[in-house]
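**Student:** quick one, what's the 3D model for this:
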Amino acid sequence: MLDRVITSGTFSLDGGTWDVENNVWLVGDAREVIVIDAAHDARAIADRVGGRTVKAIVCTHAHDDHINAAHELAGLTGAPIRLHPADQVLWEQVYGDAVRYEPLADGEKLEAGGISLEVIHTPGHSPGAVCLHAADLCAVFSGDTLFKGGPGATGRSYSSFETIIESIRDRLLTLPGETVVHTGHGESTSIRSEAPHLEEWIARGH
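**Tutor:** Numbering: from 1, shown residues only. I've put the predicted structure just below:
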């Protein structure tokens, strides 16, 4: 139903580069999966996929560390790349206009192996950031919008602290408390664990 590949590489933006480890999530069954955030190492991800069909490679946002293996993985698997078009400017920083993706829309539902993923547009970390809600699994895949301990970073280009707080408050913290939050980096958490800290994050961010 759910698998994780941890890949290592770098994240670069605004002239800086940082070493990072990314969570790549595979959602589906023994026949088919959706890959969430193809980061750094397409071969390692393809090895974990094995003989399964990849229905889509979904990017929660277009920072380079979340998309830099997407094109190669698409070539290995034949799967379409999906991204919210509000992140076009970030996508072009990595791929220019040489690599195409299919646009994601808020409220769209993707399916693999009998599991439905609903796209939730959660701008703030980037303009086109999305989370994927798998009600069947009582889980949400939050990319870099929400982590264990607080919101994703908003100190770089194309990000907004006020917007990410609004996205978390209105789109994520309204999910059932028992919903597990599978993040783009680090450990998973839950809506119940993070919800009480909203006011603290707001105070800390100003």
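**Student:** end-to-end on stretch 48-67?
**Tutor:** One end of stretch 48-67 sits 18 Å from the other (C-alpha to C-alpha, to the nearest Å).
**Student:** quick one: buried residues of that stretch?
**Tutor:** Using 16 or more other C-beta atoms under 10 Å as the test for burial, stretch 48-67 gives 49, 52, 54-67. All C-beta atoms are positioned from the backbone trio N, CA, C, and that covers glycine.
**Student:** now the strands for the protein?
**Tutor:** 2-13, 16-28, 32-36, 53-58, 81-83, 102-103, 109-112, 115-121, 130-134, 139-143, 146-147, 150-151, 180-183, 189-190 (DSSP state E).
**Student:** mean neighbour count, those strands: which tops it?
**Tutor:** Greatest average neighbour count among the strands of the chain goes to strand 139-143 (a mean of 28), per mean count of other C-beta atoms under 10 Å.
**Student:** okay, angle between that one and strand 53-58 too, please.
**Tutor:** With axes from the mean of the first three to the mean of the last three C-alpha atoms, to 10 degrees applied, the angle from strand 139-143 to strand 53-58 works out at 50 degrees.
**Student:** parallel or antiparallel, which strands does strand 139-143 pair with?
**Tutor:** Partners of strand 139-143 in the sheet, by DSSP bridges, are strand 130-134 (antiparallel), strand 180-183 (parallel).
**Student:** would TSV of those with distance to residue 7 be doable?
**Tutor:** Shown next, in TSV, are the strands paired with strand 139-143 (distance: least, C-beta to C-beta, whole Å):
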stretch	distance to residue 7
strand 130-134	18
strand 180-183	14
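**Student:** out of those strands, nearest to residue 204?
**Tutor:** Of all those, strand 180-183 sits nearest to residue 204, with 18.7 Å by C-beta to C-beta.
**Student:** hang on, residue 67 packs against residue 92?
**Tutor:** No. Residue 67 lies out of contact with residue 92 (C-beta atoms under 8 Å); the separation is 11.1 Å.
**Student:** circling back to that earlier point, of the buried residues of stretch 48-67, closest to residue 141?
**Tutor:** Proximity of those to residue 141, judged by C-beta to C-beta, is greatest for residue 60, which lies at 6.9 Å.
**Student:** coming back round to it: now distance to residue 108 and mean pLDDT too, for the strands paired with strand 139-143, in CSV please.
**Tutor:** Output for the strands paired with strand 139-143, formatted as CSV (distance: least, C-beta to C-beta, whole Å; pLDDT from 0 to 100):
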stretch, distance to residue 108, mean pLDDT
strand 130-134, 9, 99
strand 180-183, 19, 98
